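A.B. asks: Any chance you can model this:
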Amino acid sequence: QVQLVESGGGLVQAGGSLRLSCVASGRTFSRYAMGWFRQAPGKEREFVATISPIGARTYYADSVKGRFTISRDNPKNALYLQMNSLKPEDTAVYYCAAAKDSRPADYASGYDYWGQGTQVTVSS
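C.D. replies: Got it, this is the predicted structure:
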């Protein structure tokens, strides 16, 4: 069992930046592929970014490519999402997720563990 706790959300003006963090419990963090998803009010949860277990591969949704960067620090059991040039349409609850089978995926069913989420609000 893995517990994930996100932090770093908040209110920011359009064009600004935020860095989200996700800390995992347990000793197997380095075996998991990790991902970030988001869900805006009235919308389905959508893929944002994913990273392979040792960080060699990363993939992004087209909507965030070039603006967001996913990274991880395995000794610290930590996952990050650096978000730059934020837009009002980035407003959502952001979730981190862990995949036991270590395969980066761009769909929610590819992940086994989820955090509680952190709110990101971008004002225009």
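
A.B. asks: Centroid-nearest residue for this structure?
C.D. replies: residue 36 (2.3 Å; Cα atoms, centre = their mean).

A.B. asks: Name the nearest residue to that one, sequence neighbours excluded.
C.D. replies: Nearest residue to residue 36, sequence neighbours excluded (Cβ to Cβ, 6 or more residues apart in numbering): residue 48, at 4.2 Å. The C-beta positions use only the backbone N, C-alpha and C, and glycine is treated the same way.

A.B. asks: and that neighbour, how many neighbours does it have?
C.D. replies: Using other Cβ atoms under 10 Å, residue 48 has 25 neighbouring residues.

A.B. asks: For it, give me the pLDDT.
C.D. replies: On pLDDT, residue 48 comes in at 98.

A.B. asks: Hmm, it is touching residue 82, no?
C.D. replies: No - between residue 48 and residue 82 there is no contact, the gap being 11.8 Å when judged by Cβ atoms under 8 Å.

A.B. asks: Mutual contacts of those two, please.
C.D. replies: Shared contacts of residue 48 and residue 82 (Cβ atoms under 8 Å, 6 or more residues apart in numbering): 68, 70.
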